[in-house]
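1. Just need the structure, nothing else, for what follows:
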Amino acid sequence: MKKKIVLLLLIAVSLSLVACGGDNKPENKTANSKINASQEVEGNNETEKTVTADFKAEEPVLLTTVGQSADVEMVKAVLDNLGINYKMNNLVKKGETGDAKTLILAVGGSSKGLGAAGIDANAELERVSGLIEDAKANGVKIIAMHIGGEARRGELSDKFITPSFENADYAIVVSEGDKDGMMKGIGESKNIPIEFIDSMSKSLDSLKVIFGK
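-> Residues are numbered from 1 along each chain as shown. Take a look at the predicted model:
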């Protein structure tokens, strides 16, 4: 299967991240949600073998944001592209994991996103903490993804990184976003495999291998 990625989504998300500057500036979340997933661009014909551990995940998937940033829309588009069976709920909490076998956490804080959701950072942390606890109790594998790069770092986003990565079974990170080694350090200290990728578009390759697509 040829590698594909949603061209307009990459453009919209990239522009959004540049515009928002990570935490406190506006982001075009509405534009992201309206991307036409049928508009694609061909990539390399061979899927790159970049997964750093023998980790496999199962469907169905529960996808949620950690920090209410638009990065979750990028992950959603990749899951759509790969035909993965998933549900997306950005306010899902403990007791609502349903029949999910894998929980994907799209990590990245947005003050605007939190405001739109009607919650603050502390409430978001409490929600995600309960969700992670529930997932672990039910044997649901957790994948933490930080794909917003350097633009999605800062005091707000960093609050969400530690709890998400410390409890993950696997993590995918755009290398530019971990220049300070924060996520790498968590992975090493908690013995959690982290796959570092060059750009958010490479997450398609990663999830394709993980889910055996």
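2. C-terminal to the helix or strand of the chain with the lowest mean pLDDT, what's the next element?
-> Of all helical and strand segments in the chain, the minimum by mean pLDDT, DSSP states H and E falls on strand 40-42, at a mean of 31. Per DSSP states H and E, the first helix or strand lying C-terminal to strand 40-42 is strand 61-66.
3. and that next one, how far from the chain's centre?
-> 8 Å (C-alpha atoms, centre = their mean, to the nearest Å).
4. for stretch 190-197, same thing?
-> Counting by C-alpha atoms, centre = their mean, stretch 190-197 comes out at 14 Å from the chain centroid.
5. Going by neighbour count, which residues in it are buried?
-> Buried residues in stretch 190-197, defined by neighbour count with 16 or more other C-beta atoms under 10 Å: 192, 194, 195, 196, 197. For the C-beta atoms, the positions are set from N, CA and C on the backbone; glycine is no exception.
6. swap in stretch 162-176?
-> 163, 164, 165, 167, 168, 169, 170, 171, 172, 173, 174, 176.
7. The first one: helix or strand, and which one exactly?
-> With the criterion set as DSSP H and E, the secondary-structure element containing residue 163 is helix 155-166.
8. What helices and strands are in contact with that helix?
-> strand 102-107, helix 121-137, strand 141-146, helix 182-190 (3 or more C-beta pairs under 8 Å, 6 or more residues apart in numbering; DSSP states H and E).
9. What lies in contact with the third one?
-> The contact list for strand 141-146, computed with C-beta atoms under 8 Å, 6 or more residues apart in numbering, reads 57-58, 66, 71, 75, 101-108, 132, 135-136, 152, 161, 164-165, 167-174, 177-178, 183, 203, 210.
10. Could you work out the end-to-end span of stretch 85-94 for me?
-> 21 Å (C-alpha to C-alpha, to the nearest Å).
11. quick one: which of the buried residues of stretch 162-176 is nearest residue 80?
-> Nearest to residue 80 out of these is residue 172 (C-beta to C-beta; 17.1 Å).
12. And that closest one, which helix or strand is it part of?
-> Counting by DSSP H and E, residue 172 is part of strand 170-174.
13. Give me the contacts around that strand.
-> Counting by C-beta under 8 Å, 6+ apart, 53, 55, 57, 141-149, 165, 183, 187, 192-200, 202-203, 206-207, 210 sit against strand 170-174.
14. Let me know the angle separating that strand from helix 155-166.
-> Per axes from the mean of the first three to the mean of the last three C-alpha atoms, to 10 degrees, the angle that strand 170-174 makes with helix 155-166 is 150 degrees.
15. Okay, now the sheet partners of strand 170-174, with direction.
-> In the sheet, strand 170-174 lines up against strand 141-146 (parallel), strand 194-197 (parallel) (DSSP bridges).
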